[in-house]
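J.: kindly return the folded structure for what I paste below:
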Amino acid sequence: MDHLAIPQQVLVEHQTLAYVTSALRATIGWKFQGADLSRKLSSLRFVGQSFQRHLKHLMELEEEDGYMSVVLAERPELTDEVEALRQEHDRFRKALSRILRRLRRVEPTDHAAFAKISDDLLALLEKLDEHSRRETDLLQHALLEDNGGEG
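T.: Have a look, this model is predicted:
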C-alpha cells in the first residue's frame, strides 16, 4: 500500500468531518417559526447520522492505520497518551449514539427536550475540538521534536 494513502485519506476525512460539523452547528442554529419542530428535527437527524458515520470512519482510520500506529512505532514511551486518546474515541462513539437515540425519540413539539439534546450535541462538538487539538499536539510532540539523537 502507498505509504501516503492513509495520511491523505485521514486528511480528507478530517476535512469532510469539518464540513459535516459545520452543517450540524448550522442546523442547530436554524431559527424556526411555530411550535412544530418537524423539519428542523428531520434535518438534524439526517446531519447527525452523517456526522456519526464520518466520525466513526475517521476514528477507525486513526486507530488502525493512522497516527496512533505511527506514534506507537516511533515513540513507544507515548503509549499512555495514545491509549487515553483511543479511550476518548470510545466515549465519543457512545455519547454520540446516546444523543442520536434521544434525538430519534423526541417529539416535534417538545422544545425543551430538543433544546437539551442540541446543547448536549454542541457540548460534544466542543469536546471533539479539544480532542483534535490534543491529537495534533501529540503528533507534533512525537514526530517533530528532536529526541536528542545524532545531529
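J.: wait, what's in contact with the closest residue to Arg134 other than its chain neighbours?
T.: Distance criterion C-beta to C-beta, 6 or more residues apart in numbering; nearest residue to Arg134, sequence neighbours excluded, is Leu85 at 6.7 Å. All C-beta spots, glycine's among them, are computed from the backbone N, C-alpha and C. Leu85 sits next to 68, 131, 134-135, 138 when contact means C-beta atoms under 8 Å, 6 or more residues apart in numbering.
J.: show me how to select, in ChimeraX, the buried members of those residues.
T.: Buried residues within these, by 16 or more other C-beta atoms under 10 Å, are selected in ChimeraX with:
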select :68,131,135,138
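J.: from the contacts of Leu85, which is closest to Arg39?
T.: Closest to Arg39 out of the contacts of Leu85 is His131 (31.3 Å), distances taken as C-beta to C-beta.
J.: Leu103 reaches Gly48, doesn't it?
T.: Yes - counting by C-beta atoms under 8 Å, Leu103 does reach Gly48; the two are 6.0 Å apart.
J.: check which helix or strand covers the closest residue to Trp30 other than its chain neighbours.
T.: If the residues on either side of it in the chain are set aside, Trp30 comes closest to Lys40, at 5.6 Å by C-beta to C-beta, 6+ apart. According to DSSP states H and E, Lys40 maps onto helix 38-64.
J.: list the buried residues of that helix.
T.: Neighbour-count burial for helix 38-64 [16+ other C-beta under 10 Å]: 40-41, 43-44, 47-48, 50-52, 54-55, 58-59, 61-63.
J.: ditto for stretch 20-37
T.: Within stretch 20-37, the residues scored as buried using 16+ other C-beta under 10 Å are 20-21, 23-24, 27-28, 37.
J.: would you mind writing the CA trace of that stretch as CSV?
T.: Provided in CSV are the C-alpha atoms of stretch 20-37 (Å, rounded to 0.1, in the frame of the first residue of the first chain):
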residue,chain,number,x,y,z
VAL,A,20,-20.4,18.0,8.5
THR,A,21,-19.7,19.6,11.8
SER,A,22,-20.4,23.0,10.3
ALA,A,23,-23.7,21.7,8.9
LEU,A,24,-24.6,20.3,12.3
ARG,A,25,-24.0,23.6,14.0
ALA,A,26,-25.9,25.5,11.3
THR,A,27,-28.9,23.1,11.7
ILE,A,28,-28.9,23.5,15.4
GLY,A,29,-28.8,27.3,15.0
TRP,A,30,-31.6,27.3,12.4
LYS,A,31,-34.3,29.7,13.6
PHE,A,32,-37.7,28.2,13.1
GLN,A,33,-41.3,29.5,13.2
GLY,A,34,-44.1,28.0,15.0
ALA,A,35,-44.5,25.2,17.6
ASP,A,36,-43.7,22.2,15.3
LEU,A,37,-40.0,21.3,15.0
